[in-house]
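# take a look and give me a structure for this.
(one chain, ligands or ions: 1)
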Amino acid sequence: MELTLKVRKSFAESFNLDLDCTASGSQVGIFGASGSGKSTLVKLIAGLERPEEGEIWLDGECLFSSKRGINVAPQRRCISLVFQDACLFPHLSVEANLRYGYKRSGVGRRSVDFATLVSVLQLGELLGRGVNRLSGGERQRVALGRAILANPHLLLMDEPLSALDDGLKLQIIHYLKRAGERFGIPYLFISHSLLEIRLMTDRVISMAGGRVLAQTTPEELARERMGGSQVGYINVLQLEKLRKMGGLYVYRWGLEELFISAGDEEPMAVFELSSRDIILFTRHPEAISARNLLKCTVVDTFPSGNKVGVELRCGHETLIAEVVVQAADDLAIQARNEIYAVIKAASFRRLS
Ligand SMILES: Nc1ncnc2c1ncn2[C@@H]1O[C@H](COP(=O)(O)OP(=O)(O)OP(=O)(O)O)[C@@H](O)[C@H]1O
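Below you'll find the model as predicted:
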């Protein structure tokens, strides 16, 4: 997908959106705080709002041009939308909601097969149900299915996970990514959550005050923002449960074992760990209360606000820790150093 936006749009005196950028790739994120203009951008791309001036191009097709008097109607843009609220037809069954998307696609462009989509999104059991009898996550899966069955050139997803709790978010992320890849439909994923952007996309445009701040990778953006963020850098760890021991759960992480308080009986689990919850020692510490002591190698350090990020390699796994600048100097942390990372069992937060 190649989407070029050169647009201006203002709302009275209060807000001016002024963008000049090209988004290329199949999994692109738009990241920004509330009020930065993300939803306005979505509406402009979908044709639900009209720019005052500028141009919008999608894969070589002009969707809007103020100079050339072009404004392709929303239903002719071949763009599907998924919002925070699934917006399903309440009087129709799951199957009828899905088939509505299919009818919109036009016979000539149908590359997504109904049965395959139902199987990829695991909707088979739900087909006969009324949509009012679905959970939030199921509703989002149906909304996604309906959007994909329209065979769009682009799937626009505006905060599709905001209304879901963390565990459900991860499940839906799995479906969103799987469906995008399986059916070859590029998407633009809009969110104010950097973690969601990291899990869903490989390129990101960050916005503030109606402008583009940067175009980068989600990983670079997360590292850049680490120092100024209240939560630091979030390490995402997919772990295999081994056993329970003394009130803690023991998980396998690469070649290491991690002791975690917030475990349960599931064989696999995803945890988040903030860069702020990792304490670094240049020598082996003795007699510590924290349950996890990992011998690591420093791969790299990077500045971020008033902090220094430290990329650690532990076996084949990577962790990002952070220290204040003075601590980085005092410990003389630099690439190839051996270092010990200490983590409390209570610092891991269960994501799924
Ligand atoms: N129709 C409108 N009339 C007047 N102002 C509007 C209109 N739509 C949006 N705005 C203003 O434009 C700004 C950007 O809104 P927008 O919804 O695009 O932001 P956002 O980044 O999507 O925020 P959020 O994450 O909270 O949804 C806000 O200040 C909003 O109040």
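# per the record, what domains does the protein have?
Domain assignment for the chain by automatic domain parsing gives 2-226, 234-350.
# determine which stretch of the ones you listed is the most buried.
Stretch with highest mean neighbour count among the domains of the chain: domain 2-226 (a mean of 18; mean count of other CB atoms under 10 Å). Where you see a C-beta, it was placed from the backbone N, CA and C, and this is true even at glycine.
# starting at the chain centroid, how far to it?
12 Å (CA atoms, centre = their mean, to the nearest Å).
# hmm, back to that, using a markdown table, lay out the domains of the chain together with mean pLDDT.
Putting those into a markdown table (pLDDT from 0 to 100) gives the following:
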| stretch | mean pLDDT |
| --- | --- |
| domain 2-226 | 91 |
| domain 234-350 | 95 |
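# just so I know, which of those domains lies nearest the ligand?
Comparison of the domains of the chain against the ligand by CB to the nearest ligand atom identifies domain 2-226 as nearest, at 3.2 Å.
# and the helices in the stretch 251-352 of the chain?
Taking DSSP state H, counting those that start in this stretch, the helices of the stretch 251-352 of the chain run over residues 325-330.
# could you pull out the strands for it?
Along the stretch 251-352 of the chain, the segments classed as strands by DSSP state E, counting those that start in this stretch run 256-260, 268-274, 279-281, 292-304, 307-314, 317-324, 338-343, 349-350.
# reformat those as CSV; add distance to the ligand.
Output for the strands of the stretch 251-352 of the chain, formatted as CSV (distance: least, CB to the nearest ligand atom, whole Å):
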stretch, distance to the ligand
strand 256-260, 33
strand 268-274, 22
strand 279-281, 35
strand 292-304, 24
strand 307-314, 26
strand 317-324, 26
strand 338-343, 33
strand 349-350, 23
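# turn the ones you listed into a markdown table, columns for distance to Asp202.
Listed next are the strands of the stretch 251-352 of the chain as a markdown table, based on distance: least, CB to CB, whole Å:
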| stretch | distance to Asp202 |
| --- | --- |
| strand 256-260 | 27 |
| strand 268-274 | 19 |
| strand 279-281 | 30 |
| strand 292-304 | 20 |
| strand 307-314 | 19 |
| strand 317-324 | 17 |
| strand 338-343 | 27 |
| strand 349-350 | 25 |
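# out of those, which comes closest to Gly167?
strand 349-350 (7.9 Å; CB to CB).
# which residues touch that closest one?
Identification of contacts with strand 349-350 by CB atoms under 8 Å, 6 or more residues apart in numbering yields 167, 262-264, 269-273.
# in contact with Ile56, which residues?
With contact set as CB under 8 Å, 6+ apart, Ile56 has these partners: 3-7, 44-45, 62-65.
# and stretch 282-299, how far from the chain's centre?
Distance, stretch centre to chain centre, for stretch 282-299: 31 Å (CA atoms, centre = their mean).
# helix, strand, or coil at Glu138?
Under DSSP: H, G, I helix; E, B strand; the rest coil, Glu138 falls in the helix class.
# make CSV from the contacts of strand 349-350 and add distance to Phe83 to it.
Converted to CSV, the contacts of strand 349-350 look like this (distance: CB to CB, whole Å):
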residue, distance to Phe83
Gly167, 21
Ala262, 32
Gly263, 35
Asp264, 32
Ala269, 29
Val270, 25
Phe271, 29
Glu272, 26
Leu273, 31
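# any idea which of the residues you listed is closest to Gly210?
Looking across the contacts of strand 349-350 and measuring by CB to CB, the closest to Gly210 is Glu272, at 30.9 Å.
# what's opposite the closest one in the beta bridge?
For Glu272, the residues forming beta bridges with it (DSSP bridges) are Val236, Arg349.
# pretty sure it contacts Tyr233?
No - using CB atoms under 8 Å, Glu272 makes no contact with Tyr233, being 10.2 Å away.
# give the contact list for Pro218.
Per CB under 8 Å, 6+ apart, neighbours of Pro218: 29, 31, 194, 197-198, 201-204.
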